[in-house]
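K.L.:
need coordinates for the following:
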Amino acid sequence: MAIDTYPTRKIWEPTFIFRRDPVVYGTRTDGPFGAADLEGFEKNGFLTLDRLLEPEEVERYRTELRRLSADAALTGDGRLVADEESGEIRTIFEVHRLSDVFAELASDPRVVEPVRQILGSEVYIHQSRVNYTRGFRCRDCYWHSDFETWHAEDGMPRMRSVSVSIALADNFVHNGGFMIMPGSHKTFVCCLGKRSHHRDRHALKPQEVGTPDADSLTMLADKHGIELFTGSAGAATIFDSNCMHGSNGNITPFPRSNVFIAYNSVENTCVEPFAASARRPSFIAARDFTPVPPAVGH
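P.N.:
Next comes the predicted model:
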């Protein structure tokens with residue numbers, strides 16, 4: 001049985017655990033990031049790329065998102081999550097398996113090489129999804145650490161995973177952009193209680209179990225501050241799995257959409273959940289640990 005290095009949802013009082021894993025495993029000779037970039041990631045837990053995708057590429061992914069959302073063949077597919085009020089598709093899970101277009105993006109060297117460099121190994125895709133919310137209808141996404149969920153519910157042993165979020169729409173200060181607490185990745189917040197394993201494809205619903213308590217969040221925010229990301233479509237953020245992050249709701253006319261790809265080291269593959277009675281569906285938490293292949297011709 002795997003050792004639970006980061007116990008969570010098993011205690012009555014919130015607890016902090018100092019990070020017990022490295023943040024950066026590779027060196028400046030292992031990929032595109034220089035020493036300063038790696039030092040910044042080590043310190044803050046994230047790096048931003050102002051223009052990962054060109055405008056014509058962004059439009060290609062927007063077109064593919066519209067196609068997937070309207071594809072009658074996917075009706076009833078659990079990987080598509082609709083808004084409960086409008087019925088509109090707002091999240092598509094495992095998008096790299098549903099779409100060759102997004103599969104190309106998930107294995108694009110511009111995305112994968114920095115991830116391999118940070119994690120110091122080959123990587124596989126733990127989760128992929130596209131999020132799309134029209135204006136006026138975006139709910140908030142409460143503060144959380146992805147690793148807390150992936151550890152508790154998916155059995156990810158250590159903090160050797162990173163995520164890449166790529167904007168497919170412009171992010172302003174007023175349309176519910178991505179927020180993060182720089183440096184919070186070095187503190188693991190143990191959350192309270194248990195929750196049913198039946199949340200499944202509704203994993204993005206507001207929840208109480210598995211989210212940090214207000215006092216812990218206040219302490220982290222006082223120590224680290226909060227950074228709000230703005231920028232044009234095509235920008236990307238690479239961030240550590242234990243970063244405390246979230247987003248506000250969007251009541252403006254300006255929509256938000258992004259591609260989210262979570263990569264895990266092949267040396268950190270998931271075991272049985274540490275704080276859940278059953279695994280989540282594989283389209284939310286992969287059990288195929290096949291490494292992302294090198295790009296053809298690269």
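K.L.:
alpha carbons only for contacts and neighbour counts from here, please
P.N.:
OK.
K.L.:
next, the contact list for residue 64, please.
P.N.:
residue 101 (C-alpha atoms under 8 Å, 6 or more residues apart in numbering).
K.L.:
look at it and give its secondary structure.
P.N.:
helix (DSSP: H, G, I helix; E, B strand; the rest coil).
K.L.:
measure it to residue 251 for me?
P.N.:
25 Å (C-alpha to C-alpha, to the nearest Å).
K.L.:
residue 283 too?
P.N.:
30 Å.
K.L.:
who has more neighbours, the two?
P.N.:
residue 283 (20 against 16; other C-alpha atoms under 10 Å).
K.L.:
give me the neighbour count for the residue lying closest to the more buried one once chain neighbours are set aside.
P.N.:
Take residue 283 and drop its neighbours on the chain: the residue closest to it by C-alpha to C-alpha, 6 or more residues apart in numbering is residue 94, 5.3 Å away. Using other C-alpha under 10 Å, residue 94 has 24 other residues around it.
K.L.:
the one 10 residues further on now?
P.N.:
Other residues near residue 104 come to 12 when the count uses other C-alpha under 10 Å.
K.L.:
and what of residue 4?
P.N.:
There are 16 residues near residue 4, going by other C-alpha under 10 Å.
K.L.:
low-confidence ranges, the protein, go.
P.N.:
Applying pLDDT under 70 to the chain flags residues 1, 194-208, 295-298.
K.L.:
first-to-last residue distance for stretch 239-252?
P.N.:
Across stretch 239-252, first to last residue, C-alpha to C-alpha, it's 26 Å.
K.L.:
and it, how far out from the chain middle?
P.N.:
10 Å (C-alpha atoms, centre = their mean, to the nearest Å).
K.L.:
next, the buried residues of that stretch.
P.N.:
Residues of stretch 239-252 classed as buried by neighbour count (16 or more other C-alpha atoms under 10 Å): 239-251.
K.L.:
where do the strands sit along the stretch 101-250 of the chain?
P.N.:
123-133, 141-145, 161-167, 178-180, 187-190, 227-228, 236-240, 244-247 (DSSP state E, counting those that start in this stretch).
K.L.:
out of those strands, which comes closest to residue 5?
P.N.:
Across the strands of the stretch 101-250 of the chain, residue 5 has its closest neighbour in strand 187-190 (10.5 Å, C-alpha to C-alpha).
K.L.:
note down every partner strand of the closest one and its orientation.
P.N.:
According to DSSP bridges, strand 187-190 forms sheet pairs with strand 15-18 (antiparallel).
K.L.:
mind listing residues that contact the strand it pairs with?
P.N.:
6, 186, 187, 188, 189, 190, 191.
K.L.:
what does stretch 140-152 give?
P.N.:
Residues contacting stretch 140-152 (C-alpha under 8 Å, 6+ apart): 6, 8-9, 156-159, 176, 188-190, 204, 206, 210-212, 217, 241-250, 273-276, 285.
K.L.:
thank you, goodbye.
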